[in-house]
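**Q** Below are the sequence and a predicted model for it; my questions follow.
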Amino acid sequence: MLRTAAAAVTGCPVRAASSAATLAKLIHAQDGDRGGAEWLVVPDYRARQVPLLSGVCKKYDMRVAAASEFGEMVCEKAGVSWT
């Protein structure tokens, strides 16, 4: 779970792979995220990759979100306005 907004942002890799399949292979090859990230955030223009990546990341106890969705969630948890 998110402890603070700052922890969520600093402990969250943002990936912009050219394809979901390429990123999924990388996640498998690294057994998730070596740094122990709980979230994988993809740029909004790659939001269509979230369902596929969610299936892959679930195996490694990671969650996936598009950047705007993640930002909104972090702000909500921190008690600040997203807009």
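**A** Structure's in. What do you need?

**Q** and the longest helix belonging to the chain, what does it pack onto?
**A** Longest helix in the chain, counting residues (DSSP state H): helix 67-78. Counting by 3 or more CB pairs under 8 Å, 6 or more residues apart in numbering; DSSP states H and E, the packing neighbours recorded for helix 67-78 are helix 5-10, strand 39-42. All C-beta atoms are positioned from the backbone trio N, CA, C, and that covers glycine.

**Q** one more time with 6 Å, if that's ok
**A** helix 5-10 (3 or more CB pairs under 6 Å, 6 or more residues apart in numbering; DSSP states H and E).

**Q** follow-up on the earlier one: with only the CA atoms kept, save the longest helix of the chain in PDB.
**A** Only the C-alpha atoms of helix 67-78 are listed here, as PDB (Å, rounded to 0.1, in the frame of the first residue of the first chain):
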ATOM      1  CA  ALA A  67       0.300   8.100 -15.200                       C
ATOM      2  CA  SER A  68      -2.800  10.300 -14.800                       C
ATOM      3  CA  GLU A  69      -4.700   7.500 -13.000                       C
ATOM      4  CA  PHE A  70      -1.700   7.000 -10.700                       C
ATOM      5  CA  GLY A  71      -1.300  10.700 -10.000                       C
ATOM      6  CA  GLU A  72      -4.900  11.100  -9.200                       C
ATOM      7  CA  MET A  73      -4.700   8.100  -6.800                       C
ATOM      8  CA  VAL A  74      -1.600   9.500  -5.000                       C
ATOM      9  CA  CYS A  75      -3.200  12.900  -4.600                       C
ATOM     10  CA  GLU A  76      -6.300  11.300  -3.200                       C
ATOM     11  CA  LYS A  77      -4.300   9.200  -0.700                       C
ATOM     12  CA  ALA A  78      -2.300  12.300   0.300                       C
END
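
**Q** any idea how far that helix is from the chain center?
**A** Put simply, helix 67-78 sits 11 Å off its chain's centre (CA atoms, centre = their mean, to the nearest Å).

**Q** Average pLDDT for that helix, rounded please.
**A** The average pLDDT within helix 67-78 is 92.
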